[in-house]
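> need a structure here:
(4 chains)
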Number of protein chains: 2
Amino acid sequence: MYFRIVERLFKGRIDTVSSAVLAKEAGVKPSQLRKDLTYLGQFGTRGLGYKVESLEKQLARVIRTARFRPVILVGVGNLGTALIQYDGFAKEEFGIIAAFDIREELGREGRFGIPILPNYLMKSFVAEHSVKLAILTVPGTSAQSAANELVDAGIQAILNFSTVALQVPNNVAVNNVNLAIELENLSYFIK
Amino acid sequence: MYFRIVERLFKGRIDTVSSAVLAKEAGVKPSQLRKDLTYLGQFGTRGLGYKVESLEKQLARVIRTARFRPVILVGVGNLGTALIQYDGFAKEEFGIIAAFDIREELGREGRFGIPILPNYLMKSFVAEHSVKLAILTVPGTSAQSAANELVDAGIQAILNFSTVALQVPNNVAVNNVNLAIELENLSYFIK
DNA sequence: CTGTGTGAAGGCTTTCACAGCC
DNA sequence: GGCTGTGAAAGCCTTCACACAG
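Have a look, this model is predicted:
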């Protein structure tokens, strides 16, 4: 998050920025931001703030955000299709290069400019294209079995949109995005 | 999350469940689950576990999940369109009843069965339909101004898909879903 | 004997407050 | 004078471990 903000400031030709400003942009307290940054190194200058250019470079190095990462998507339903078309996640950095679905009748060349392939081709595809990241948008009922296939194919990290907690080996990372729970959570605050 | 699991067990005609099983499903430790539940009340029976039916009822009461909540969506781009069509978030509980966009040329009746309206109609629509929840899927550059409009219209909670931290009065709740950051985060764990 | 409810301990994160450097 | 870097304090969340109820 900090990196994205600094990137934006850099593009906007801002030269120097204080922890107060950065923190406001990020929605955290200045002390929080300073503590977070110092876990990664000492990037600021006392009395002055942070040089945007150097901060951007150093954060980029830490999060290894340099090269393009191919991503596959599993589950070409409504949400899956949406995400394929959206593809607004940091275009230079990530790209969905293929989608998979058990339903073979979807046909190979989607209307989306990327191949839509049957699941049984997943393993060879992942190996061939060195894919390490997957987005999982299948219904809850088939999420675990799809996750197993991903793990078997050698995927190392899964962004899980299904509503179940995936059981995976601990060398595989999972992040969950659950829209129903986000809304539920919000509705708790409604008067 | 617990509620969704219990709901599923109930539909599957499971009678009783232990904290160990529930915790596994939720991806947390049993002690964690028990502690969480006791914040809301004492729902279990020692030596036995939790009665699924009564737990479901009591959780429903606590999170007031009873009645349907209308939701509006602002920003009919790729992601917005996707979410309108998806609508897989707990269908009985939430529904997107209208979408808004500054671009009036989108026309009033979308291809999606809900009205697509220009932003200036937002305030009256929200008042008329007692809408309290909004999903925000506009580009980062216009996110804050759209959020201001939502707040002005009387919206009480915002699910924010844009990449900026929204500044809102503290009687308005915001939850953020940032796909780029989720992927970024995951890619940190890739070898 | 099983499995919840719960104080207490442990671990982690956030915030404070100020020394230190520009 | 201004703003970072950082120990120390405070606050919060998770886990342990066991009393207790069925």
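> what residues does A:Asn171 make contact with?
By Cβ atoms under 8 Å, 6 or more residues apart in numbering or on different chains, A:Asn171 lies in contact with A:Gln156. For glycine as for every other residue, the C-beta is placed from the backbone atoms N, C-alpha and C.
> switch to 10 Å and redo it
Listed by Cβ atoms under 10 Å, 6 or more residues apart in numbering or on different chains, the contact set of A:Asn171 reads A:Val151, A:Gln156, B:Phe189, B:Lys191.
> phi, psi for it please.
Backbone torsions of A:Asn171, given as degrees, to the nearest 10, read phi -90, psi 10.
> and stretch A:7-19, anywhere near DNA strand C?
No - Stretch A:7-19 does not reach DNA strand C (Cβ under 7 Å from any atom of the strand); its nearest approach is 9.5 Å.
> is chain B within reach of that stretch?
Yes - counting by Cβ under 10 Å from any Cβ of the partner chain, chain B is contacted by stretch A:7-19 at A:Arg8.
> avg pLDDT for that stretch?
Stretch A:7-19 comes out with an average pLDDT of 96.
> list the buried residues of that stretch.
A:Glu7, A:Arg8, A:Leu9, A:Phe10, A:Val17, A:Ser19 (16 or more other Cβ atoms under 10 Å in any protein chain shown).
> what's the closest of these to DNA strand D?
The nearest member of those to DNA strand D, counting by Cβ to the nearest atom of the strand, is A:Ser19 at 3.5 Å.
> what does the host helix or strand of A:Glu56 contact?
Using DSSP states H and E, A:Glu56 falls within helix A:52-62. By Cβ under 10 Å, 6+ apart, the surrounding residues in contact with helix A:52-62 are A:2-17, A:22, A:37, A:39-45, A:49-51, A:65-66, B:188.
> return the subset of the residues you listed lying in helices.
If you go by DSSP state H, the contacts of helix A:52-62 have A:2-11, A:22, A:37, A:39-40 in helices.
> find the nearest non-adjacent residue to A:Asn78, please.
B:Tyr86 (4.2 Å; Cβ to Cβ, 6 or more residues apart in numbering or on different chains).
> quick one: that neighbour from B:Lys57, how far?
Separation of B:Tyr86 from B:Lys57 (Cβ to Cβ, to the nearest Å): 29 Å.
> same check on A:Ile190?
For A:Ile190, the distance to B:Lys57 - Cβ to Cβ - is 21 Å.
> now the buried residues of stretch A:7-19 in CSV, with distance to B:Lys29?
Converted to CSV, the buried residues of stretch A:7-19 look like this (distance: Cβ to Cβ, whole Å):
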residue, distance to B:Lys29
A:Glu7, 38
A:Arg8, 39
A:Leu9, 41
A:Phe10, 42
A:Val17, 41
A:Ser19, 36
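> would you indicate which residues of the longest helix belonging to chain A are buried?
Counting residues, the longest helix found in chain A (DSSP H) is helix A:140-153. Within helix A:140-153, the residues scored as buried using 16+ other Cβ under 10 Å are A:Ser142, A:Ala143, A:Gln144, A:Ala146, A:Ala147, A:Glu149, A:Leu150, A:Val151, A:Ala153.
> which bits of chain A sit near DNA strand C?
Neighbours of DNA strand C within chain A, by Cβ under 7 Å from any atom of the strand: A:Val28, A:Lys29, A:Ser31, A:Gln32, A:Arg34, A:Lys35, A:Asp36, A:Thr45, A:Arg46, A:Gly47, A:Leu48.
> which pair of those residues spans the longest distance?
Using Cβ to Cβ, these span at most 21.9 Å, a distance reached by A:Val28 and A:Gly47.
> related to what we said a few turns ago, restrict the residues of chain A next to DNA strand C to contacts with chain B.
A:Val28.
> what distance do you get for the nearest residue in space to A:Leu22 that is not next to it in sequence to chain B?
With sequence-adjacent residues excluded and distances taken as Cβ to Cβ, 6+ apart, A:Leu22 is closest to A:Leu33, at 5.5 Å. Noted for A:Leu33: a distance of 12 Å to chain B, by Cβ to the nearest Cβ, to the nearest Å.
> hmm, A:Leu33 is touching A:Tyr39, no?
No - judged on Cβ atoms under 10 Å, A:Leu33 makes no contact with A:Tyr39 at a distance of 11.0 Å.
> before we move on, the earlier item: of A:Val28 and A:Gly47, which one has the most company?
Taking other Cβ atoms under 10 Å in any protein chain shown, A:Val28 and A:Gly47 do not tie; A:Val28 has more neighbours (17 against 5).
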